[in-house]
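Participant: Give me a model of this one.
(2 chains)
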There are 2 protein chains.
Amino acid sequence: MTAQPFHGVLVPVLTPFTPAGEPDAGRFTAFCRFLLDQGAGGLSIFGTTSEANSMSPAERMALLDHLVAAGIPAEKLMPGTGACAMTDAATLVRHAVGHGCGGVLMLPPFYYKPVSDDGIFAFVSGVIDKVGSPALRVYLYHIPPVAVVGYSLDLVGRFIKGYPQTVVGLKDSSGDWSNTAALLDRYPGFAVFPGSEVFLLDGLRKGAAGCITATGNINVPGIAKLYANWQGPRADALQAEVTTVRKTMQAYPMVPALKRVVAHFHDDPEWAAVRPPLTALDRGQSAALIADLARIGFSLGERRERAAAE
Amino acid sequence: MTAQPFHGVLVPVLTPFTPAGEPDAGRFTAFCRFLLDQGAGGLSIFGTTSEANSMSPAERMALLDHLVAAGIPAEKLMPGTGACAMTDAATLVRHAVGHGCGGVLMLPPFYYKPVSDDGIFAFVSGVIDKVGSPALRVYLYHIPPVAVVGYSLDLVGRFIKGYPQTVVGLKDSSGDWSNTAALLDRYPGFAVFPGSEVFLLDGLRKGAAGCITATGNINVPGIAKLYANWQGPRADALQAEVTTVRKTMQAYPMVPALKRVVAHFHDDPEWAAVRPPLTALDRGQSAALIADLARIGFSLGERRERAAAE
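Facilitator: All right, here's what the predicted structure looks like:
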């Protein structure tokens, strides 16, 4: 296995849309910069939280072009390359590698169900072979609650064995701690990122590389503090804090809720827009969410100050 | 509601791939012509059976360009336009309308789960509005066993009310007869196509427009004969015959099994290739399938002769 380009708190960055529904490259770049300034260890742009599958490959590639041109370091980027067609996936992966991205986050093909491990292996290995670059680092993206199709424990082992220099990690958004624990037990040295900071401390204690979490869009400081202090005396208290924020968010549809929080704390109402099939929170949900966050003492600004003061 | 461009036996045409894994436009065109010659009422190219979601939008559009250039009548075509991004869906729909296709078969966006009826409505109506053509005829593609996301009965009603000249029908591949029956009861004049010929006779007796069925790839003559004679004395016997063929096929993974049958009866082994994530039948399965078909007296050629003789 190869050296790991990513660790810490990775953020699947929200994608802002203009009032006309187009990806908003300017706001996106500013937000990526903000997250890195806050201490994100990397940006897994174009994930589920990013509404990436609601954008065409061309739209995603244009956003990445813009980020890199604007000076966001490509080695900090782990673009999602989700696609049902090998041809689309290969186009996206090749483009990311061409920009020098630190890695890519690869969904399995998610239209056909059921599919066999052999079929998923043929898809992913076919993409890797088509791209044919020694610079490619693939992180498998396991998110069965949404994609339905996922990477079984055995299949992960086949990739590690078949592509030891290329398939170097996995984001586990199964929401099933026993799966994350089994991955960490079976594949030491393989970079496992739980898909939620709720499992960050437990994960780190078993060798996880960090986490890749939707809530990073609003709480990099809190989660990064836990990551930095996970072996310290306050680790469990810090875990409890970030878990409280996460659980508060989870009472709402995650993507529209995160966008609402960004719109609120960045004082930029247009940020709340989502693309169909997602729908924005209504007025009542929005007010309840902001009230819930106030109740637990959460604000982007305060968190930043507290992180800085410590 | 508007005049219906399609009725009878529609075939979601299998897509042949070359040994290098590219869509094979030549074999595809020849096969489309063969199916129309056999009596197919239309070709819903680029459906689930077509492995359409395993092809990029550009690959699908190139195949459609080739078909039309080769003289396949566009009004007989109902291309699937399955995509998770509105931008991709709009590109595919616009392209099909530009060619004068009789209609399009539109999947709901199938990545995010769960999604609300409001979100699906916004997606599909957004695509229709973007394309903005009075020539567009949309058939909703309801296939929850694969896409997971589907069109609820109420949502179908919203489309009929909101777009009476445009959303004119639905393919029901739920496999749930009670859903098909409810659609036929609630929306008379709306063109409902069961997604399997198993429900053809029951469907026709309640006003269905025909069926759109995977097995049409190998059994247009049998199914078309039932369609032509559904009010005759032999209707139930003809239904039993086509049901036997369908049930035989259903014991195998449908797409690779159909391709194996085409390869066998057209004496063209390359036809058996599938694209990942699907996998071809192995040697044992292939032999068993051909033996099962022989046992029920099925062959493409014999069926054709028997259809012609009657």
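Participant: Tell me the gap between stretch A:142-153 and the middle of its chain.
Facilitator: Relative to the centre of its chain, stretch A:142-153 is centred 15 Å away, using C-alpha atoms, centre = their mean, to the nearest Å.
Participant: Contact residues of chain A facing chain B?
Facilitator: Contacts of chain A with chain B, taken as C-beta under 8 Å from any C-beta of the partner chain, map to A:21, A:48, A:53-59, A:82, A:84-88, A:91, A:108-113, A:115-116, A:118-120, A:122-123, A:126, A:145-149, A:275-279. Just so you know, the C-beta spots here come from the backbone N, C-alpha and C atoms, and that holds for glycine as well.
Participant: Can you tell me which of the residues you listed are classed as buried?
Facilitator: A:48, A:53-57, A:59, A:82, A:84-88, A:91, A:108-112, A:115, A:119-120, A:122-123, A:126, A:146-149, A:275-279 (16 or more other C-beta atoms under 10 Å in any protein chain shown).
Participant: Of the residues you listed, which belong to helices?
Facilitator: Under the assignment DSSP state H, those contribute A:57, A:59, A:86-88, A:91, A:119-120, A:122-123, A:126, A:146-147 to helices.
Participant: Which of these sits closest to residue B:76?
Facilitator: Of all these, residue A:87 has the smallest distance to residue B:76: 26.9 Å, by C-beta to C-beta.
Participant: Secondary structure element for the closest residue to residue A:271 other than its chain neighbours, which one?
Facilitator: Leaving out its chain neighbours, the residue that sits closest to residue A:271 by C-beta to C-beta, 6 or more residues apart in numbering or on different chains is residue A:263, at 3.9 Å. Using DSSP states H and E, residue A:263 falls within helix A:254-265.
Participant: Identify all contacting residues around that helix.
Facilitator: Contacts of helix A:254-265 with the rest of the structure, by C-beta atoms under 8 Å, 6 or more residues apart in numbering or on different chains, involve A:14, A:16, A:31, A:48-49, A:51, A:214-215, A:217-218, A:249, A:268-274, A:278-281, A:285-286, A:289-290, A:293, A:299-301.
Participant: and if you look at stretch A:268-276?
Facilitator: Contacts for stretch A:268-276 (C-beta under 8 Å, 6+ apart): A:14, A:16-19, A:21, A:24, A:27, A:51, A:54-55, A:255-256, A:259-260, A:262-263, A:280-281, A:286, B:86, B:109, B:119-120, B:122-123, B:126.
Participant: Kindly recompute the last result at 6 Å.
Facilitator: A:16-17, A:51, A:54, A:256, A:259-260, A:262-263, A:280, B:119, B:122-123, B:126 (C-beta atoms under 6 Å, 6 or more residues apart in numbering or on different chains).
Participant: got the contact list for residue A:131?
Facilitator: Each residue near residue A:131 by C-beta under 6 Å, 6+ apart is listed here: A:90, A:93, A:94.
Participant: I misspoke; the intended subject was residue A:105.
Facilitator: If you count contacts by C-beta under 6 Å, 6+ apart, residue A:105 has them with A:44, A:78, A:80, A:139, A:141.
Participant: Next, the last one: secondary structure please.
Facilitator: By that I understand residue A:141. Secondary structure assignment for residue A:141 (DSSP: H, G, I helix; E, B strand; the rest coil): strand.
Participant: Report the contact partners of it.
Facilitator: A:105, A:106, A:107, A:171.
Participant: what do you get for residue A:104?
Facilitator: Contact analysis of residue A:104 by C-beta under 6 Å, 6+ apart lists A:79, A:81, A:93, A:96, A:138.
Participant: hmm, 8 Å instead?
Facilitator: Residue A:104 touches A:78, A:79, A:80, A:81, A:92, A:93, A:96, A:97, A:136, A:137, A:138, A:139, counting by C-beta under 8 Å, 6+ apart.
Participant: Check whether residue A:183 really touches residue A:193, as I assumed.
Facilitator: No - judged on C-beta atoms under 8 Å, residue A:183 makes no contact with residue A:193 at a distance of 10.1 Å.
Participant: Neighbour count for the two, which is higher?
Facilitator: Ranked by neighbour count (other C-beta atoms under 10 Å in any protein chain shown), residue A:183 and residue A:193 place residue A:193 first, with 32 against 27.
Participant: so what's residue A:212 bridging to?
Facilitator: On the basis of DSSP bridges, residue A:212 is bridged to residue A:10.
Participant: Nearest residue to residue A:140 in space, please, no chain neighbours.
Facilitator: Sequence neighbours aside, residue A:170 is the residue nearest to residue A:140 in space, at 4.3 Å (criterion: C-beta to C-beta, 6+ apart).
Participant: So what's the residue count around residue A:182?
Facilitator: Neighbours around residue A:182, by other C-beta under 10 Å: 15.
Participant: picking that back up, what mean pLDDT does the helix or strand just after the helix holding residue A:263 have?
Facilitator: Toward the C-terminus, helix A:254-265 is succeeded by helix A:283-295 as the next helix or strand (DSSP H and E). Per-residue pLDDT values over helix A:283-295 give a mean of 97.
Participant: Between helix A:254-265 and helix A:283-295, find me the angle.
Facilitator: 70 degrees (axes from the mean of the first three to the mean of the last three C-alpha atoms, to 10 degrees).
Participant: how close does residue A:216 get to residue B:23?
Facilitator: According to C-beta to C-beta, to the nearest Å, residue A:216 and residue B:23 sit 40 Å apart.
Participant: of the two, who's got more company?
Facilitator: Between residue A:216 and residue B:23, residue A:216 has the larger neighbour count (other C-beta under 10 Å), namely 30 against 22.
Participant: which residues touch that one?
Facilitator: Neighbouring residues of residue A:216 by C-beta under 8 Å, 6+ apart: A:9, A:10, A:11, A:12, A:35, A:40, A:197, A:223.
Participant: hang on, the last one in a helix?
Facilitator: Read that as residue A:223. Yes - judged by three-state DSSP, residue A:223 forms part of a helix.
Participant: and it, how many neighbours does it have?
Facilitator: Per other C-beta under 10 Å, the neighbour tally for residue A:223 reads 32.
Participant: Next: the fifth one.
Facilitator: As a burial measure, residue A:35 scores 23 neighbours (other C-beta under 10 Å).
Participant: related to what we said a few turns ago, the residue nearest to residue A:271 - how many residues pack around it?
Facilitator: 20.
Participant: cool, and residue A:36?
Facilitator: 18.
Participant: Might one say that it is in contact with residue A:43?
Facilitator: Yes - Residue A:36 is within contact range of residue A:43, at 6.9 Å (criterion: C-beta under 8 Å).
Participant: what touches both of those two?
Facilitator: Counting by C-beta under 8 Å, 6+ apart, the residues touching both residue A:36 and residue A:43 are A:72, A:76.
Participant: buried ones in stretch A:224-232?
Facilitator: Buried residues in stretch A:224-232 (16+ other C-beta under 10 Å): A:224, A:225, A:226, A:227, A:229, A:230.
Participant: any idea how far the second one is from chain B?
Facilitator: Computed as C-beta to the nearest C-beta, to the nearest Å, the residue A:225 to chain B distance reads 31 Å.
Participant: Now do that residue, the pLDDT please.
Facilitator: Model confidence at residue A:225, given as pLDDT, is 97.
Participant: Distance of the residue lying closest to residue A:126 once chain neighbours are set aside relative to residue A:153?
Facilitator: Closest residue in space to residue A:126, ignoring its immediate chain neighbours: residue A:86 at 5.3 Å, by C-beta to C-beta, 6+ apart. Taking C-beta to C-beta as the measure, residue A:86 falls 24 Å from residue A:153.
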